[in-house]
Structures are given as C-alpha cells and as structure tokens.
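Enquirer: Next one to model:
(chains A, B and C)
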Amino acid sequence: MKNLDSVFAAYVIGWGIFFVFFLSIARRTSALRAEVDRLKNSISRPK
Amino acid sequence: MTKRILLGVVAIALVIVAAYANFFVAPTERTMGVIQRIFYFHAATAWAGEMVFFVCFVANLLYVWKREQKYDWLGVTCAEVGIACITVVLITGPIWAHPVWGIWWTWDARLTSTFVLWLLYVSYLLLRTLIEEPGRRALLSALFGIFAFLDVPLVFFSIRWWRTQHPAPVIMGGQGSGLDPTMSKVFFFNVLVMHIFCVFLIVERYILEKLRHDVDLLQREAEVQ
Amino acid sequence: MALFSNTATLLGKELRTEFRSRELLTTTSVFILIVLVLFSFATNPGTEEAREFAPGLLWLAILFASSLMFQSCFLREQANDTLSSLRLAVSDPFAIFLAKLIANTLFLLLTEALMLPFFAIFYNITVWSQLPILSLVLLLGSFGIAIAGTAISAISAQARMRELLLPLLLLPLLTPVLVVSATVTGSLLDRDPVIQWKGIAFLGVFDMIFLTALWIFGQYFLEE
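Expert: Reported below is the predicted structural model:
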C-alpha cells in the first residue's frame, strides 16, 4: 500500500514527541522527589 | 498515587485501542487511501490541544483574580502540554499533506493560526524563564497568556478573510463534512482518548510544578537552620 | 471625569518629554527609512512585483520600528523610578496606560507621516489621492500596534533580556494587524483603488478588544 510508510512515520513521530515529553516530566519528577527527601533528612537531622 | 497510576494505565490502554480503531476499524478513504488514517490522530490532537489552551486561559484569569499559586501551576502545565499537542499537530499535518497534495505547508487560516498559537505559547514559556520572582512571574505570564488567547481568533479570521486569494487546498478536506458514520465514530473516539491522555499529562506535569514549589520551601527552611 | 483629566495631564508629560529631546522620533524615523532601503535591496524595486509587496513592506517596517520604539516606554519610568509616583498621582492606573498609548500612537503616526513621501518615491506609488482613507488605516493600525506595544512594554520592562523579549512577545500578537493593514493598504494603493471597509472595521474591532482587555487588566501590569 502506498504511503503506508508516511502513516507510520506520522504515528511514530507524533507519539514519540508525547513520549519524550512524558519522559522529561518523569525524569525531573524523580530528581525532585530525591531532592525533597534529601532536604527533609538534612532538616530533621541536626537537632 | 494509585489513582495516578490508574489514570496512566487507562490513558495508555485507550490510546492503544484508538490506534487499533484508526487502522483496522475505520474504512479506507476512497480518494486519499491509507494516508487519511493520520487524520484521526492529527485532528483529535488538535482539538485536545485547543481545549488545553482554553484551560490555560481560564487558569490565567483565575490567577489574576484570586492570586492562588495553584492557578499559576495549572497555567504553565497547560501551556506545556498544549505546546506538545500543537507540535504533534504541526508535524503530522505536513506528513499527511505532502503525499496527498504535494506540498508540505500552506498559509491558510487554520495552519497559520495554529502556528501563531504555537509561537505565542512558546513565548509565554520563554517569558516565564526571564522573570525570577515567582509572584511577578505568575502575574505577568498570566496577563500575557490572556492577551495571547484573545489574539488567536483574531489571527484566524484575519487570515481567513484576507488571505484566500490564492487557491489553497483545504488541508483538512472533508473533516466533519459528510464523514462516513464509522469514520465519524472513530474520530470522536480519538477526540475523547486524546482529551483523557492530555488530562494524564496535565496531572503529571502539575505534580512536577508542585514538587518544585515544595523543594523551594524546604531549601529556604534548610537555609534558615 | 478624573480619568480624562489624569490622562490629559500624563499625555502632556509624555509629549513634553519626547519633544524636548525628540530622540525617539528621530531614531525611529531613520530606522524606518533604513528598513525601507534594505527592503529595496532585498527585493527588485521598480518592478510590478515590488509594487505588490510595497504595502506589506511598509507595514513590516512600521512593526519593526514600533518594537524598538516601545522599549523605552516603561523602561524610562523604571530608570528614573517614577512609576510609583505616577501610580500615586492618578486615581485610575488606566490613565497611565491611556496616556502612554495615545502618545505612542501619535509618535508612530508622526514617523509614518515623515516616511510616507519616501515610501511613495521609492516604490513609485501615488499616495496623495488616497490620503484620507490611508490616514484612517494608518491611524487604526498604529493605534492597535500602540495598545499591544504599551501592554507588552509594561511586561518586558519587568523581565530580563527585555530588548529581545519585547519583539518576541509583540510581533506574534500583531499578526492580524499586519495581515489586514497590508491588504487594505494594498488595495487602496492599487491601480484601481478599492476601499475595503470590512478590513477597516476589523482593525477597529482589534483595537476595541485589546483596549478593553488593557482597561480591565491594566492595573495588574503596574502592581508592585
């Protein structure tokens, strides 16, 4: 079928963009969660 | 936490179902053939993206009125998710257009106003990176967001009424106008799915914004000690 | 009414400040001239196509000039820290905006009047016969540019990289003005002139929408 490769390209690139976006959110979220834990520990420790 | 995971799972499952429907349930279009199947994904994402920007607009208004942080977080969240959607739209559109009409782009009302919409909200995000103080950043970006959203229909109609001298292919051809009933159902299913997927993205991005705020608070507390 | 008297007073201040030094007017006029000359190098002036592009280039030049002109609008107040005293002096903060945008419109119109003869000469276009309607289009277009420009100037003055930020925020917002003004001006200056009243009405609507938005939200731009 002609143009099937264009169809696949559109879906792959389109969902690729959403995937990259989600990945960047997930990465930043886990980094921040680690930071929150680190800060909470450093605050509760010196007492 | 479990509600979030549930939302994510449901969203992904629905996306897979929609993809199946796009390829195997919807009949092949007579004139364009297989390439038309991009339409379901492309147009549904466009609708969802516009809805997300509308939510951004409402969040901006609510922030200016109530000055509660959560509206600022919702605003920037919706701006980013909206930009992701419109980026997908602006890329899948030309991929669809080129094999069918032989052109990657045309300056018709819909395409141009979509592109300007994208530019405006990218500027919105850039503006936010250039203001340090959180309260000021929230207020000024909300104000710009309001002006930007008011501008978009003006852009659309100005192009529609004054840039149609050259015969340009109506890129979204027969959308809505006499769509086959099965195609119609598949399309609106895609619209629903993309909206749910956007809600999922908004929730995740919003949580990130709230976490940033928590980190700031904790950092200030740690400095005090 | 307090708003109008406040606006009149502030407008007087804006005009006096500018006409004392005239630096904004002169630099903007020269800039538009330079842009027009550069456009003629980039295109092929004197040909029929150039005449077709000329109205668009004219409005493009006005847009670029305005994105430079509005830089100083609120920066001036910041530099001299006069914004707080301005806010105290008026009952309605919208008066500050109204004064500035009327002043900006006047400055734009003045620069346009100064370079219109050059435009007519460079592109061999007779503007004289269409001057009344052309003036109306220039007025409505410039007013729209000034409204958006004054609002964005208030925003960018409070951010970093303001010289780059102002055009970045302003130019996409002004796309409708560019499209409609260029088209209406084009059909006005054509061999068989046509007045596009719908376009002129659209410019009026654009101005009204943004003026109303600025009236509603203006006070928040100037918050401490």
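
Enquirer: how about the nearest residue to whichever residue of chain C sits closest to chain A, chain neighbours excluded?
Expert: Nearest residue of chain C to chain A: C:P172, at 21.7 Å (Cβ to the nearest Cβ). The C-beta positions use only the backbone N, C-alpha and C, and glycine is treated the same way. Residue nearest to C:P172 in three dimensions, not counting chain neighbours: B:L119, with 4.6 Å by Cβ to Cβ, 6 or more residues apart in numbering or on different chains.

Enquirer: what residue ranges in the chain score low on pLDDT?
Expert: Here I'm looking at chain A. Low-confidence segments of chain A (pLDDT under 70): A:1, A:46-47.

Enquirer: nope, chain C please
Expert: C:45-46.

Enquirer: Please enumerate the helices of it.
Expert: Counting by DSSP state H, chain C has helices at residues C:2-21, C:23-42, C:48-69, C:71-80, C:83-89, C:94-122, C:131-156, C:162-173, C:175-188, C:197-221.

Enquirer: Could you measure from the residue of chain C closest to chain A over to B:W161?
Expert: To B:W161, C:P172 is 19 Å away according to Cβ to Cβ, to the nearest Å.

Enquirer: ok, these two, which is more surrounded?
Expert: Neighbours were counted for C:P172 and for B:W161 using other Cβ atoms under 10 Å in any protein chain shown; C:P172 has more, 21 against 16.

Enquirer: okay, now the one residue in chain C that gets nearest to chain B: neighbour count?
Expert: Among the residues of chain C, C:P176 lies closest to chain B, at 3.8 Å counting by Cβ to the nearest Cβ. For C:P176, the count of nearby residues is 26 (other Cβ under 10 Å).

Enquirer: Give the next helix or strand downstream of the helix or strand harbouring B:L90.
Expert: In this structure, B:L90 is located in helix B:69-101 according to DSSP states H and E. Using DSSP H and E, the helix or strand that follows helix B:69-101 in sequence is helix B:109-129.

Enquirer: list the helices and strands that following helix packs on?
Expert: If you count contacts as 3 or more Cβ pairs under 8 Å, 6 or more residues apart in numbering or on different chains; DSSP states H and E, helix B:109-129 packs onto helix B:38-66, helix B:69-101, helix B:134-162, helix C:162-173.

Enquirer: Please identify which of those helices is closest to A:S42.
Expert: Among the helices and strands packed on helix B:109-129, the nearest to A:S42 by Cβ to Cβ is helix B:134-162 (22.9 Å).

Enquirer: Could you dump the helices and strands packed on helix B:109-129 into JSON lines with distance to B:M32 added?
Expert: Converted to JSON lines, the helices and strands packed on helix B:109-129 look like this (distance: least, Cβ to Cβ, whole Å):
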{"stretch": "helix B:38-66", "distance to B:M32": "9"}
{"stretch": "helix B:69-101", "distance to B:M32": "6"}
{"stretch": "helix B:134-162", "distance to B:M32": "24"}
{"stretch": "helix C:162-173", "distance to B:M32": "32"}
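
Enquirer: Could I get the helices of chain C in CSV, plus columns for distance to B:G102?
Expert: Formatted as CSV, the helices of chain C follow (distance: least, Cβ to Cβ, whole Å):
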stretch, distance to B:G102
helix C:2-21, 53
helix C:23-42, 28
helix C:48-69, 24
helix C:71-80, 44
helix C:83-89, 55
helix C:94-122, 37
helix C:131-156, 36
helix C:162-173, 29
helix C:175-188, 26
helix C:197-221, 32
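
Enquirer: Looking at these, which is nearest to A:I17?
Expert: Ranking the helices of chain C by proximity to A:I17 (Cβ to Cβ) places helix C:162-173 first, at 21.7 Å.

Enquirer: What separation do you get for B:L74 and chain A?
Expert: Distance of B:L74 to chain A, computed by Cβ to the nearest Cβ, to the nearest Å: 15 Å.

Enquirer: Who are the contact partners of that residue?
Expert: By Cβ atoms under 8 Å, 6 or more residues apart in numbering or on different chains, the contact set of B:L74 is B:V55, B:C56, B:A59, B:I202, B:Y206.

Enquirer: Most neighbours among those, which one?
Expert: Ranked by the number of neighbours (other Cβ under 10 Å), these place B:C56 first, at 27 neighbours.

Enquirer: Quick check: nearest residue in space to it, chain neighbours excluded?
Expert: Nearest-residue entry for B:C56: B:C78, 3.6 Å, with adjacent residues in sequence omitted and distances by Cβ to Cβ, 6+ apart.

Enquirer: was I right about that neighbour contacting B:V55?
Expert: Yes - between B:C78 and B:V55 there is a contact at 4.9 Å, judged by Cβ atoms under 8 Å.

Enquirer: Switch the contacts of B:L74 over to JSON lines; also include pLDDT.
Expert: Putting those into JSON lines (pLDDT from 0 to 100) gives the following:
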{"residue": "B:V55", "pLDDT": "97"}
{"residue": "B:C56", "pLDDT": "97"}
{"residue": "B:A59", "pLDDT": "98"}
{"residue": "B:I202", "pLDDT": "97"}
{"residue": "B:Y206", "pLDDT": "97"}
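
Enquirer: could these go into TSV alongside distance to B:L7?
Expert: TSV is the format used below for the contacts of B:L74 (distance: Cβ to Cβ, whole Å):
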residue	distance to B:L7
B:V55	17
B:C56	20
B:A59	20
B:I202	10
B:Y206	12
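
Enquirer: I'd say the residue of chain C closest to chain A and B:Y121 touch.
Expert: No - C:P172 is not in contact with B:Y121 according to Cβ under 8 Å; the separation is 9.7 Å.

Enquirer: Mutual contacts of the two, please.
Expert: Joint contacts of C:P172 and B:Y121 (Cβ under 8 Å, 6+ apart) are B:A148.

Enquirer: need the contact list for C:T9.
Expert: C:A99.

Enquirer: which residues touch the residue of chain C closest to chain A?
Expert: Applying Cβ under 8 Å, 6+ apart to C:P172 gives the contacts B:V116, B:L119, B:L120, B:S123, B:A148, B:D151.

Enquirer: Looking at the residues you listed, which one is closest to C:L164?
Expert: Out of the contacts of C:P172, the member with the shortest distance to C:L164 (by Cβ to Cβ) is B:S123, at 10.9 Å.

Enquirer: Okay, that closest one and chain A: tell me how far apart.
Expert: 19 Å.

Enquirer: Likewise for B:I131?
Expert: Distance of B:I131 to chain A, computed by Cβ to the nearest Cβ: 20 Å.

Enquirer: Helix or strand for the closest residue to chain C within chain A, just tell me which one.
Expert: Nearest residue of chain A to chain C, counting by Cβ to the nearest Cβ: A:I17, 21.7 Å away. Per DSSP H and E, A:I17 falls inside helix A:4-44.

Enquirer: right, is that helix up against chain B?
Expert: Yes - Helix A:4-44 reaches chain B (Cβ under 8 Å from any Cβ of the partner chain) through A:4, A:6-7, A:9-11, A:13-15, A:17-18, A:21-22, A:25-26, A:28-29, A:32-33, A:35-36, A:39-40, A:42-43.
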